[in-house]
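>>> dropping a prediction and its sequence here:
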Amino acid sequence: MKELISERKLPSLLSREEMIEILQREEYGFMPSPPEKISFSKKAMRSDNDFCGKGKMWEITITCTVKNKEFSFPVSLMLPSGEGPHPFFVNLSFEKNVPNFYFPAEEVLDNGFGAFNLYFNDITKDNDDFTDGLAGIFYPDGKRNDTDCGKIALWAWAASRVLDYAETEPRLDMKRAAVCGHSRLGKTALVAGAFDHRFRFVHSNCSGCSGASIARGNTGETVSDICRVFPYWFCESYKKYSGNEGNMPFDQHFLLASVAPNYVTVGSASEDAWADPTGEQLSCFAASEAFEKEGMNGFICDRKAEIGDCFFEGSIGYFLRKGRHFYSREDWNKVIRFIKSKA
């Protein structure tokens, strides 16, 4: 592993403040300030018969005042039976329904976890329209400057507003708050956890390029690929590194390192070559020093992962499962196992 890191000539880690500034200026754009005002409303969504009586669901409406304008969005909250306080996920989701394709709700409840399901398109649509939703509040004419944030940062900003609500709910354990997501939302989860340290646990599933995977020497999707197809996820400045990764003053280990002193897990899939599982593991290895400086164990692994491996002894967890680009029950159960081992 050390040899692979050396070959990629990664920039040395800096202080968290310096890394966060670089990531904003060069990749994701500067994160908007918290809202001037925020309020919440709550209503029951399901009957006691749902989830076999193991839990209940509510819809929370979060209303933010931003630049003297109001923006509201819904998020569902699922809680196990019992007073708690319960560990919980802010699940960045591709679907509104619970359970859904990537979210095995009953298994999450069975393990004693609550979960918010935050549908990303309720914040701003996954396209290049910056007049849509929350984006339209910050960019009313749809135009951005070079370092203005893209959609990933806006989705991450919304995840932090969900945490604002969570702080008002006594049945939730803020000491075991987790944010998680898959693919583009795995990138978003990492950004949310790096910028908001109220998230004690951060999980990125198959997030690949511009997420968990090292960009230098990436054998899957490249910065050029992602900026050609999804430029609106990032700030405009990021485009200058298309085919020019070697000149970046950062790499993705900066993002993982910025989560310290909290915990981060990265999940990869053996057939998900586009996300470069080796690059994702290398990022864990390269970020380790930041956790060690906090007096924690970093990434405890000295070899390339094989299918079925879970490296969960340190503060950075990594696992490689068999299969393709997906957020499976196996992935969820591994993340839950990691959190239980640390909490």
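That came in fine, so what should we check first? Treat the numbers as computed from the prediction; the structure is a model and nothing was measured.
>>> can you report how many residues lie near the nearest residue to P231 once chain neighbours are set aside?
Nearest residue to P231 in three dimensions, chain neighbours excluded: K239, at 6.4 Å (Cβ to Cβ, 6 or more residues apart in numbering). For glycine as for every other residue, the C-beta is placed from the backbone atoms N, C-alpha and C. Other residues near K239 come to 15 when the count uses other Cβ atoms under 10 Å.
>>> can I assume K239 sits in a helix?
Yes. Looking at K239 with DSSP: H, G, I helix; E, B strand; the rest coil, it is inside a helix.
>>> can you give me the helices for the stretch 51-200 of the chain?
Along the stretch 51-200 of the chain, the segments classed as helices by DSSP state H, counting those that start in this stretch run 105-110, 133-138, 151-166, 184-195.
>>> now, of these, which is deepest in the fold?
Counting by mean count of other Cβ atoms under 10 Å, helix 184-195 has the highest mean neighbour count of those, with a mean of 28.
>>> next, the angle helix 184-195 makes with the helix or strand following it.
Downstream of helix 184-195, the first helix or strand assigned by DSSP states H and E is strand 201-205. Strand 201-205 runs at 150 degrees relative to helix 184-195, counting by axes from the mean of the first three to the mean of the last three Cα atoms, to 10 degrees.
>>> re earlier: save the helices of the stretch 51-200 of the chain as CSV, and put in distance to D302 and mean pLDDT too.
Shown next, in CSV, are the helices of the stretch 51-200 of the chain (distance: least, Cβ to Cβ, whole Å; pLDDT from 0 to 100):
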stretch, distance to D302, mean pLDDT
helix 105-110, 32, 95
helix 133-138, 43, 97
helix 151-166, 32, 98
helix 184-195, 24, 98
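>>> what about the closest residue to A257 other than its chain neighbours, distance to G317?
Sequence neighbours aside, A290 is the residue nearest to A257 in space, at 3.6 Å (criterion: Cβ to Cβ, 6+ apart). Using Cβ to Cβ, to the nearest Å, one obtains 15 Å as the distance from A290 to G317.
>>> please report the distance of the residue nearest to P231 from G279.
Distance from K239 to G279, by Cβ to Cβ: 21 Å.
>>> cool, C64 as well?
36 Å.
>>> just checking, what packs against the worst-scoring helix or strand of the chain on mean pLDDT?
Taking mean pLDDT, DSSP states H and E as the measure, helix 2-8 is the helix or strand of the chain with the lowest mean score, a mean of 77. Contacts defined by 3 or more Cβ pairs under 8 Å, 6 or more residues apart in numbering; DSSP states H and E place helix 2-8 against helix 277-293.
>>> follow-up on the earlier one: want to try CSV for the helices of the stretch 51-200 of the chain, with distance to G217 as columns?
Converted to CSV, the helices of the stretch 51-200 of the chain look like this (distance: least, Cβ to Cβ, whole Å):
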stretch, distance to G217
helix 105-110, 36
helix 133-138, 33
helix 151-166, 23
helix 184-195, 19
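>>> pretty sure W157 is touching P35, no?
No. Counting by Cβ atoms under 8 Å, W157 does not reach P35; the two are 9.2 Å apart.
>>> tell me the pLDDT at the residue nearest to P231?
Model confidence at K239, given as pLDDT, is 98.
>>> same question for R46.
69.
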